[in-house]
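Asker: Attaching a predicted model along with its sequence, questions to come.
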Amino acid sequence: MSKKVLIFTLSFIIACFLINGCQHSCQSTNGNMPWELKDIDWFKKGNSWAFKGDYDRAIVNYNKALEVNPRYAEVYVNRGLAWEEKGDLDRAMADFNKAIEIKPGLAEAYLNRGNLWSKKGAFELAIADYNKALEMNPRLAIGYYTRGLHWYEKGDIDRAISDYNQALEIDPYNVKAYVNRGIACKEKGDIALAIADYNKALKINPNLTEAYVNRGLIWDEKGDFDQAIADYNKALEINPRIAEAYVNRGTIWDKKSDFDRAIADFNRALNINSQYASAYSNRGYTWFNKGNLDQAIADFTEALRINPRDAITYNNRGFTWGEKGNHDQAISDYNKALEQDPHFAEAYYNRGNSWAVKGDMQRALADVSKALELKPENEEYKSCVIKFKSHIKESIKD
């Protein structure tokens, strides 16, 4: 079976950059009496409701501000954020556009519109808006940070790290930038730098759960399971509702052959999020290790219902079917795994072994040969290719 999926916690993109009311002070354009509320008063009231999460009341107050002053660009930005929080992305976009029309130099409008483009999947337009925001305000740390997140998502790790560096140069207390730079450094194999960044983040904010979870992943990969468990424990002490931490800790209990603790952690994760595919997948793996193949298949099946594009879980369910002697079902699952990931060496290897059990040695050799082509240093694959070739040769002699 394949190694289980470890949950990778990427710090969230800050989806809003609320402009504070004190940044703008202008008088009514509608001839209000001195005792009547000014545009900035309505703006501040709207911000107060927005910070409390009451976006409907925030919008009502932003509307009042715009009745007094229809050219108050900052109000459009914050009303756009309120619409975005309510899920009305079209109205949010219209407000960001209006803010830019009124005040083309307002960096925050470009930044928030960039985040909205990102939500819509238009990453090139998002990057263009981040670039414009930084052109307007080269000291906007959150602009570099957010653009860095997008470079990372696009697989451009070096550019992501460069942007995180810029963000931290401007704001050396940006803990999210440290965490995400740590993630990027880990991706490049710079483990020491990644740990250093997580440590810096935790020095600034000892309650930053993302840093503990991501540092735990590194300890796990280094084989220091006790350190990893300590980090997950700390994250869960701070916030006992982090499903990812339970899943990651569960995978370590499994590696330590403490299967009951592993299952207990996967159960906790599922109590928090009943649609958490990786929790089902990893619990299935542990059921397999406990010898309960039917429970394993049930969990793999549920994981695939939630995420039908998970090649590893298809492979693992296929392997379990094979252990139950049902190689037709196993081959079907390996086929699905390879549809999702045509470079999945272990799925070729496992399918090859199922073909061998069924007596189709030509297909078996073709599959294990493909696995070896993908992973030429794998000794198990080399040995299997030699064995299958020898078997075919002997059968020809007979």
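Answerer: Noted; the coordinates are in hand. Numbering: from 1, shown residues only.
Asker: Just the element for residue 159, please.
Answerer: For residue 159, the element it lies in under DSSP states H and E is helix 157-170.
Asker: Going by neighbour count, list what's buried in that helix.
Answerer: 157, 159-164, 166-168, 170 (16 or more other C-beta atoms under 10 Å). (Glycine included, C-beta is placed from N, CA and C.)
Asker: other SSEs contacting that helix?
Answerer: helix 141-153, helix 175-187 (3 or more C-beta pairs under 8 Å, 6 or more residues apart in numbering; DSSP states H and E).
Asker: Quick one: mean pLDDT for the helix or strand containing residue 135?
Answerer: Taking DSSP H and E as the criterion, residue 135 maps to helix 123-136. Per-residue pLDDT values over helix 123-136 give a mean of 96.
Asker: contacts for that helix?
Answerer: 105-108, 110-111, 113-115, 117-118, 140, 143-144, 146-147, 150-151, 153-154 (C-beta atoms under 8 Å, 6 or more residues apart in numbering).
Asker: Buried ones among the residues you listed?
Answerer: 106-108, 110-111, 113-115, 117-118, 140, 143-144, 146-147, 150-151.
Asker: List the buried residues in stretch 46-65.
Answerer: Neighbour count says stretch 46-65 has 46-47, 49-50, 55, 57-59, 61-62, 64-65 buried, by 16+ other C-beta under 10 Å.
Asker: and what of stretch 92-102?
Answerer: 92-93, 95-96, 98-100, 102.
Asker: of all these, which two lie farthest apart?
Answerer: Spatial extent of these (C-beta to C-beta) is set by the pair 92 and 102 at 16.1 Å.
Asker: I'd like the average pLDDT over the host helix or strand of residue 271.
Answerer: Take DSSP H and E as the rule and residue 271 turns out to sit in helix 259-272. The predicted model gives helix 259-272 an average pLDDT of 98.
Asker: Kindly export it (C-alpha atoms) in PDB.
Answerer: What follows is helix 259-272, C-alpha atoms only, in PDB (Å, rounded to 0.1, in the frame of the first residue of the first chain):
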ATOM      1  CA  PHE A 259      -3.500   1.500  16.200                       C
ATOM      2  CA  ASP A 260      -6.200   2.200  18.700                       C
ATOM      3  CA  ARG A 261      -4.900   5.700  19.500                       C
ATOM      4  CA  ALA A 262      -4.600   6.300  15.700                       C
ATOM      5  CA  ILE A 263      -8.300   5.300  15.200                       C
ATOM      6  CA  ALA A 264      -9.300   7.500  18.100                       C
ATOM      7  CA  ASP A 265      -7.600  10.500  16.600                       C
ATOM      8  CA  PHE A 266      -9.200   9.900  13.200                       C
ATOM      9  CA  ASN A 267     -12.600   9.600  14.900                       C
ATOM     10  CA  ARG A 268     -12.000  12.900  16.600                       C
ATOM     11  CA  ALA A 269     -11.100  14.500  13.300                       C
ATOM     12  CA  LEU A 270     -14.400  13.200  11.800                       C
ATOM     13  CA  ASN A 271     -16.400  14.400  14.700                       C
ATOM     14  CA  ILE A 272     -15.100  17.900  13.800                       C
END
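Asker: list the helices and strands that helix packs on?
Answerer: Against helix 259-272 (3+ C-beta pairs under 8 Å, 6+ apart) you get helix 243-255, helix 277-289.
Asker: got a list of contacts for that helix?
Answerer: 241-244, 246-247, 249-251, 253-254, 276, 279-280, 282-283, 286-287, 289-290.
Asker: and these, which are buried?
Answerer: 242-244, 246-247, 249-251, 253-254, 276, 279-280, 282-283, 286-287, 290.
Asker: out of the buried residues of stretch 92-102, which one sits closest to residue 229?
Answerer: Ranked by distance to residue 229 (C-beta to C-beta), those are led by residue 92 at 42.3 Å.
Asker: Run through who's touching the helix or strand where residue 197 lies.
Answerer: Using DSSP H and E, residue 197 sits in helix 191-204. Residues outside helix 191-204 that contact it (C-beta under 8 Å, 6+ apart): 173, 175, 178-179, 181-183, 185-186, 208, 210-212, 214-215, 218, 221-222.
Asker: at 6 Å what do you get?
Answerer: 173, 175, 178-179, 181-182, 185-186, 208, 211, 214-215, 218 (C-beta atoms under 6 Å, 6 or more residues apart in numbering).
Asker: For residue 351, state which of these is nearest.
Answerer: residue 186 (31.7 Å).
Asker: pLDDT at the closest one, what is it?
Answerer: 95.
Asker: Distance of residue 196 relative to residue 187?
Answerer: 15 Å (C-beta to C-beta, to the nearest Å).
Asker: Double-check residue 333 against residue 313; I have them as touching.
Answerer: No. Look at residue 333 against residue 313 with C-beta atoms under 6 Å: they stay out of range, at 8.9 Å.
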